[in-house]
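S.K.: Build the 3D model from these lines:
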Amino acid sequence: MIHSFLNVFLPDDEYKRLRVLYFMAEAAFLMIGLLMLGSALNNYLLKWNLEGTEVTFILTMIPMLMVGYTYFRYIFSGIEHTEVLNKQSYKRERRVAGKRALSVGGIFFILLLIAKGIPKNYDEGIDLIALPVISTLLYFLFDLISLKRSVKKNTELED
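M.R.: Here you go, the predicted model:
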């Protein structure tokens, strides 16, 4: 086993681990290419006058894009749920995904309530409710997409 700090973030399954490492390498390669393209455009063609805050924003977005690319590749690859092979296990995993999404939304709501405090007007109350609801729905949607892709891939491998 290779000793690396990345082992904390990688799955235990060797196939999944290798695929995630490939996704991370693809993301790094794409980000390097985008940075080189942006630098070339800035230096030779467009001559953008970027201020410090704009550069900071761009440099802050690069790790976010890398993590997002890796996450979406993992979700859409169909390798997350390897144990789902029939309708019964699919329904069970769908219920688990719903419970997990509700718990994430509840934790997010509680943390947001602690961070922002009790809302004083209607607009703050809407924000306090809308953000956890949207995050819960997105979390469930991504988990459901991953589950459906995994079922499709597992049935193809079984045939």
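S.K.: distance of the residue sitting furthest away from the middle of the chain from residue 36?
M.R.: Each residue of the chain has a distance to the centre, and by Cα atoms, centre = their mean the biggest one is for residue 44: 34.5 Å. Relative to residue 36, residue 44 is positioned 12 Å away (Cβ to Cβ, to the nearest Å). The way it works is simple: take the backbone N, C-alpha and C, and place the C-beta from them, glycine included.
S.K.: With residue 107 as the reference, measure out to residue 130.
M.R.: 16 Å.
S.K.: Then residue 9?
M.R.: Distance from residue 9 to residue 107, counting by Cβ to Cβ: 20 Å.
S.K.: cool, residue 4 as well?
M.R.: Using Cβ to Cβ, one obtains 29 Å as the distance from residue 4 to residue 107.
S.K.: before we move on, what about residue 26?
M.R.: 31 Å.
S.K.: what does residue 155 give?
M.R.: The gap separating residue 155 from residue 107 is 34 Å, by Cβ to Cβ.
S.K.: Where does the prediction get shaky in the protein?
M.R.: Across the chain, the ranges flagged by pLDDT under 70 are 1, 46.
S.K.: which residues in it form strands?
M.R.: Along the chain, counting by DSSP state E, no stretch forms strands.
S.K.: Grab the longest helix from it for me.
M.R.: In the chain, assigned by DSSP state H, the helix with the most residues is helix 122-158.
S.K.: Relative to the whole chain's centre, how far out is that helix?
M.R.: Mean C-alpha position of helix 122-158 versus that of the full chain (Cα atoms, centre = their mean, to the nearest Å) differs by 11 Å.
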